[in-house]
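J.: here's my sequence, what's the structure:
(one chain, ligands or ions: 1)
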Amino acid sequence: MTESRLQTARVWGLLGGGRCQRFRGNHLEAKNRLRVGTLGWALVAFWVQVIGVAPSWVPPSHAETTRALDEVTERAWDFGKTPVALEQVDDGVWRTTGVTNAYLVEMPGGNVLIDTSLPHQAARSLELLESVMKGPLKFIVLTHAHVDHIGGAKLWLSRHPNAKVIAHEAFPAMQHNLEELAPYFARRGRMAMPNLVAAGEAMREVDPLFTYGGIEPDILIDDDEPLTLEFGDRSLEVLPMPGGEGPDGLTVWLPDQRILFTGDLTGPHFPAFPNLYSVRGERYREFLPYVRSVDRALKLEPAVIAHGHFDVIRDENFIREALMRQRDAVKFVHDQTVAGMNAGKSLPELMSEVNLPPELALSQGYGTVAWSLRGLWETYTGWFDFESTTGLYPVPVRDVYPDLVEAAGGIEPILTRAQAKLEAGRAVEALHLVEVAESVSPGSHQVLRLKRRALEILRERALAGHRNFYEVSWLDARLGEVRAALGESIEPGS
Ligand SMILES: [Zn+2]
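T.: Next comes the predicted model:
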């Protein structure tokens, strides 16, 4: 077993006889079992302690980490600002930038493509990567089923029909779910990313190759079965790391160069608290698989992380510390939530009480602790909060808002209270009251002005706080509606 094989086996806990898959030439040895046992462990210990550290385990250099771990400047609203361009990442490793990175890895006798860009950027990405590609395209690895990673896959396959598509075993189900709910998700996706959704829809009309879905992977990777692709004396490993943006996460490890291609496991910007619940709408993403995946990434000791979005990170001390912080922060929130549930705390209590301590502080510019915590709570216990009987019936509280208005003698006393809440800095409570008044007088300028002020306060706080992409996008969308209803001009980006 080569050093990189040993390392991967260690990371996946396979040394006692787990499974991995290996691809040599054109033959896939599926579910090939590594059996190392006690002798294997002794050899590993000997190798590490006596012979020294294998080339792919070289200890990190002592370059200073210069960036703070708890803030990043990028936000998802910067996605569209990056042009599609070709860059060399390392020897034989290329990427095209854009909303999503696509990577091409040159190996002896063939190439491996990692992700395929968004539909409206895929043709340019393909043209640029083909311009440096020598030899055939052997594999396309799809890091997960999101459209910004698989949008160009069918285009690539139309030009390279012999390439084999590699995806996680959970990929087909995720792709199916996103495909059958495509109109629903497009409506919600438009809230935060209207231009990207519109560009995707325009491409579908130009060419059905860009319709979402319909990708049938040739090789599926199980969670406990990493795949090694061997090309002569070089290899590349496809490693299941679910949890970042779904259960279908794959990463690619290039052991010779210690480059880990992470898809969206640790992104879109790095480091950050992961987006374990996306308010644009998608199934919950699990905490503990995420913790295990980041731990696996950490044990590989990557020198370079090549993300699905934004820049390639090359400071290995920073990478190690950032991965540890992400792993430990998510585990902390998980454990605090479980303890709080057992102690009888309510979901709103936990959402406001559980915060990252300073030593685990991370950007919450994409995912937030509170929203992810709610996803965890609901994953573990379902949607019924065990508090109000009304929660069992399809009659929401807003159905009785008009009765509250009538009982109060009209909207005036309710709006007076909303104003007082605003003055006391309680913008969410003010918004609740405004929504009661709005149920009978949606076009009232008095209602709309109070609503606008509450939304503006929340937006100011969001920008002064984590500048969370989804929170700011949502507030901007609602503010746009209110301003339009008030007949105010809307300044783009204001
Ligand atoms: Zn992505």
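J.: contacting residues around the residue in the stretch 351-494 of the chain that the ion sits nearest to?
T.: Nearest residue of the stretch 351-494 of the chain to the ion: Tyr366, at 10.4 Å (CB to the ion). Where C-beta positions appear, they are placed from N, C-alpha and C, glycine not excepted. The contact partners of Tyr366, taken as CB atoms under 8 Å, 6 or more residues apart in numbering, are Arg75, Ala76, Pro268, His269, Ala272, Phe273, Pro274, Asn275, Asn468, Phe469, Tyr470.
J.: doesn't Thr8 lie inside a helix?
T.: Yes - under DSSP: H, G, I helix; E, B strand; the rest coil, Thr8 falls within a helix.
J.: neighbours of it, how many?
T.: Counted by other CB atoms under 10 Å, the residues lying close to Thr8 total 26.
J.: mind checking how far it is from the ion?
T.: For Thr8, the distance to the ion (CB to the ion, to the nearest Å) stands at 25 Å.
J.: that residue contacts Glu237, correct?
T.: Yes - Thr8 is within contact range of Glu237, at 5.5 Å (criterion: CB atoms under 8 Å).
J.: what sits in contact with each of the two?
T.: Counting by CB under 8 Å, 6+ apart, the residues touching both Thr8 and Glu237 are Pro226, Thr228, Trp253, Pro255.
J.: tell me how many other residues crowd the closest residue to the ion within the stretch 101-250 of the chain.
T.: Closest to the ion within the stretch 101-250 of the chain is Asp148: 4.4 Å, counting by CB to the ion. Asp148 sits with 25 neighbouring residues when counted by other CB under 10 Å.
J.: next: the one 5 residues further on.
T.: By other CB under 10 Å, the residues close to Ala153 number 23.
J.: now name the helix or strand holding Leu362.
T.: Here Leu362 sits in a region with no helix or strand, counting by DSSP states H and E.
J.: which residues touch it?
T.: For Leu362, the contacting residues are Leu69, Asp70, Pro271, Ala272, Phe273, Arg325, Gln326, Ala329, Leu356, by CB under 8 Å, 6+ apart.
J.: residues contacting the closest residue to Asp295 other than its chain neighbours?
T.: Spatial nearest neighbour of Asp295, excluding adjacent residues (CB to CB, 6 or more residues apart in numbering): Arg327 at 5.5 Å. Neighbour list for Arg327: Val291, Val294, Asp295, Leu298 [criterion: CB under 8 Å, 6+ apart].
J.: likewise for Thr381?
T.: Residues counted as contacts of Thr381 (CB under 8 Å, 6+ apart) are Met341.
J.: check what pLDDT it gets.
T.: For Thr381, the pLDDT comes out at 95.
J.: domain parsing for this protein?
T.: Partitioning the chain according to automatic domain parsing yields domains covering residues 1-385, 389-485.
J.: mind telling me which of the ones you listed the model trusts least?
T.: Note on the domains of the chain: lowest mean pLDDT is at domain 1-385, with a mean of 85.
J.: quick one, strands of the stretch 201-350 of the chain?
T.: Assigned strands in the stretch 201-350 of the chain, in chain order: 219-221, 227-231, 234-240, 250-254, 259-263, 304-307 (criterion: DSSP state E, counting those that start in this stretch).
J.: distance to Glu127 and mean neighbour count for the ones you listed - can I get that in JSON lines?
T.: Output for the strands of the stretch 201-350 of the chain, formatted as JSON lines (distance: least, CB to CB, whole Å; neighbours: other CB atoms under 10 Å):
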{"stretch": "strand 219-221", "distance to Glu127": "26", "mean neighbour count": "19"}
{"stretch": "strand 227-231", "distance to Glu127": "25", "mean neighbour count": "22"}
{"stretch": "strand 234-240", "distance to Glu127": "24", "mean neighbour count": "23"}
{"stretch": "strand 250-254", "distance to Glu127": "22", "mean neighbour count": "27"}
{"stretch": "strand 259-263", "distance to Glu127": "21", "mean neighbour count": "28"}
{"stretch": "strand 304-307", "distance to Glu127": "21", "mean neighbour count": "23"}
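J.: got those strands as CSV, with distance to Leu362 columns?
T.: Converted to CSV, the strands of the stretch 201-350 of the chain look like this (distance: least, CB to CB, whole Å):
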stretch, distance to Leu362
strand 219-221, 28
strand 227-231, 31
strand 234-240, 23
strand 250-254, 20
strand 259-263, 16
strand 304-307, 16
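J.: redo these as JSON lines? Include distance to the ion.
T.: Converted to JSON lines, the strands of the stretch 201-350 of the chain look like this (distance: least, CB to the ion, whole Å):
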{"stretch": "strand 219-221", "distance to the ion": "19"}
{"stretch": "strand 227-231", "distance to the ion": "22"}
{"stretch": "strand 234-240", "distance to the ion": "17"}
{"stretch": "strand 250-254", "distance to the ion": "13"}
{"stretch": "strand 259-263", "distance to the ion": "7"}
{"stretch": "strand 304-307", "distance to the ion": "9"}
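J.: of these, which approaches Val165 most closely?
T.: Proximity to Val165 (CB to CB) singles out strand 219-221 among these, at 7.3 Å.
J.: okay, now the sheet partners of that closest one, with direction.
T.: If you go by DSSP bridges, strand 219-221 pairs up with strand 164-168 (parallel).
J.: after the strand it pairs with, which helix or strand is next?
T.: Next along the chain after strand 164-168, taking DSSP H and E as the criterion, comes helix 171-180.
J.: angle of that following helix against strand 250-254?
T.: Helix 171-180 runs at 130 degrees relative to strand 250-254, counting by axes from the mean of the first three to the mean of the last three CA atoms, to 10 degrees.
J.: the next helix or strand after helix 171-180 and the ion in contact?
T.: Later in the chain than helix 171-180, the nearest helix or strand by DSSP H and E is helix 182-192. No - Helix 182-192 lies out of reach of the ion by CB under 5 Å from the ion, never closer than 12.4 Å.
J.: what lies in contact with helix 182-192?
T.: Contact with helix 182-192 is made by 76, 178, 196-198, 201, 212-213, 280-282, 469-470, 473-474, 477, as judged by CB under 8 Å, 6+ apart.
J.: which parts of the chain sit against the ion?
T.: Contact residues (CB under 5 Å from the ion) of the chain with the ion: Asp148, Asp264, Gly308.
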